[in-house]
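**Student:** let's see this in three dimensions:
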Amino acid sequence: MFRVDIINKTLIKLKPTNFSELGLKERFDIQEWIEKSPAILGEELLVIGKEVILASGKRLDLLCVNRSAALVVVELKRDDSGSSVEWQAIKYASYCSSLLPFEIFKLYASYLNKSEFDATKKIEEFIDSDIELLNAKQHIILVSKEFNSEVISAVLWLREYGIDIQCTRLAPFIDSDGELFIKPETIIPLPEAKDYMKRKEVKQRAIASNQDEWTGSWFVNVGECKYRNWEDNREFGFIGAGQGKVYSSALNRLAVGDKIYAYMKGRGYVGFGEVTKPAVMIRDFITDTNVPLLSAGLKAEYPNANSDNEELSEWAVGVRWIKSLPREQAKTFSGIFANQNVVCKLQHDQTLNFVQSEFGQ
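**Tutor:** The predicted model follows:
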C-alpha cells in the first residue's frame, strides 16, 4: 500500500503492521471504529447493539441491521481469526434468529437510551423492506487482519449451503510519520462473485414472488389478554391492539375495504372480515349502534387501561365480520401460516386456500 505525494509525483510505501504491535484492542479500539463507521465493512449498516449479552452469557461484539432488514452479527478478531471464529459467529446468529421484532426494538432502544417507539421508527426509516421482514434473514460478518485457512475453507463451504457469511480483512499500515491507515477488503465473497450472487438471489426472489403472490388479504393477530377479548371483537365489530405504539401502530396498515383473516395464537384462524373504520384510540371508537365502545359492556377486564395515553392506549379498527368463530372452533392445519406481528400480508398459498375455503374470500 502506498501514499501518493501528488506535488512531488512520488509514491511513499506504507509499512504493514499488526494491531497488537500498536497496542490496539478488539473491544476498545477496532470495535469503536466500526461502531462509528460501519460502512468500512462494505455495506450500509445500522448498529443496534454493542457487547450484546446473550442467554449463554457470551458477548456478541456488534449487532446490526442491513438495508434488507436482516440482522447482521459482526464478530471481531484483532490480528488472526483463530480456527473456530466462524462457529462462534454461527452460534450467535442462531440465537439472534429467534429474536422477535419487539425484542429487537427493545434492544435497540436500550442501546440508544431512547424509547422503543423512537427505536422502531429509526429501524423502519433505515430498512428498504417491510418491517414484517425484520430478522427474516441473518447475515454474518467476520472481521480480522488475517484469516486462518480452516476458517476460509469453512466459510466457503457454509456459503454453498446458503449461509450468508463473509470475511472482511482490516489491514493496518503506518507511514513514516507514524500515521495509521486501515485498508478494508472483503475477501469472501469477492466483489465479482458478490455481483453474480446478487443477480441470482434477485431471480430466486422473483420466482418465489410469482409462487406466493399477494392477493390483498391481511393476516391479523388476535391477542387475547386482560386488555382485549375475542368475543368483544366479534360482538362489537372491531379488532384491537395496544399497550405500546409498537403494537398499535401496526393497525394503521389496514384501510377501509381491506379483507382480513384473524388468527389466534395456539388455536388457529377464527374470523374473516372487511375493514369498515380506520384505527382510532379505543376511547374514540363508536360501535355500529352508535355507542362508545368503552361503554358497550366489553368482556375484557381492562380495555380502558391507558386510554388517555396515545402511545399506550388500546386502539381499534372497525370490522364487518363476514364469518367468525368462537375460539374453541378455530381452524388450523399442520404448517399453517402464523406470524408474531400484529398485521402482515397473507401470502402463503396453502394457508390462503385453506382460510378461503373455511371462511370465504
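**Student:** can you tell me the closest non-neighbouring residue to E43?
**Tutor:** Closest residue to E43 apart from its sequence neighbours, by C-beta to C-beta, 6 or more residues apart in numbering: N66 at 6.0 Å. The way it works is simple: take the backbone N, C-alpha and C, and place the C-beta from them, glycine included.
**Student:** contact partners for that neighbour?
**Tutor:** E43, E44, L45, L46, V72, I127, H139 (C-beta atoms under 8 Å, 6 or more residues apart in numbering).
**Student:** now the residues you listed: which count as buried?
**Tutor:** Listed as buried from the contacts of N66 are E43, L45, L46, V72, I127, H139; burial here means 16 or more other C-beta atoms under 10 Å.
**Student:** what bridges to the second one?
**Tutor:** Translated: L45. Counting by DSSP bridges, L45 is bridged to N66.
**Student:** start the count at 12 instead of 1 going forward.
**Tutor:** Sure thing, new numbering starts at 12, so read that last one as L56.
**Student:** how much space between it and P314?
**Tutor:** Computed as C-beta to C-beta, to the nearest Å, the L56 to P314 distance reads 41 Å.
**Student:** need the contact list for F158.
**Tutor:** D91, S92, C178, R180, I198.
**Student:** of the residues you listed - the most surrounded one?
**Tutor:** Neighbour counts for those (other C-beta atoms under 10 Å) peak at S92, which has 25 neighbours.
**Student:** which non-adjacent residue is nearest that residue?
**Tutor:** The shortest distance from S92 to any non-neighbouring residue, by C-beta to C-beta, 6+ apart, is to S155 (4.2 Å).
**Student:** any idea how far that neighbour is from Y103?
**Tutor:** 16 Å.
**Student:** before we move on, back to that, out of the contacts of N77, which one sits closest to R331?
**Tutor:** Of all the contacts of N77, R331 sits closest to I138, with 33.4 Å by C-beta to C-beta.
**Student:** state the number of residues packed around the closest residue to the closest one other than its chain neighbours.
**Tutor:** Excluding its sequence neighbours, the residue lying closest to I138 (C-beta to C-beta, 6+ apart) is A80, at 4.4 Å. Look at A80: counted by other C-beta under 10 Å, it has 21 neighbours.
**Student:** please apply the same query to S95.
**Tutor:** For S95, the tally of surrounding residues (other C-beta under 10 Å) stands at 13.
**Student:** how near is it to E161?
**Tutor:** 8 Å.
**Student:** how about the top strand by length along the chain: buried residues?
**Tutor:** As assigned by DSSP state E, the longest strand anywhere in the chain is strand 279-292. Buried residues in strand 279-292, counted by 16+ other C-beta under 10 Å: G279, Y280, V281, G282, F283, G284, V286, K288, A290, V291, M292.
**Student:** ditto for stretch 168-183
**Tutor:** For stretch 168-183, a neighbour-count test (16+ other C-beta under 10 Å) marks L169, R170, I174, D175, I176, Q177, C178, T179, R180, L181, A182, P183 as buried.
**Student:** distance from it to the middle of the chain?
**Tutor:** When C-alpha coordinates are averaged (C-alpha atoms, centre = their mean, to the nearest Å), stretch 168-183 and its chain have centres 21 Å apart.
**Student:** tell me the mean pLDDT over that stretch?
**Tutor:** Across stretch 168-183, pLDDT averages out at 91.
**Student:** first-to-last residue distance for it?
**Tutor:** 28 Å (C-alpha to C-alpha, to the nearest Å).
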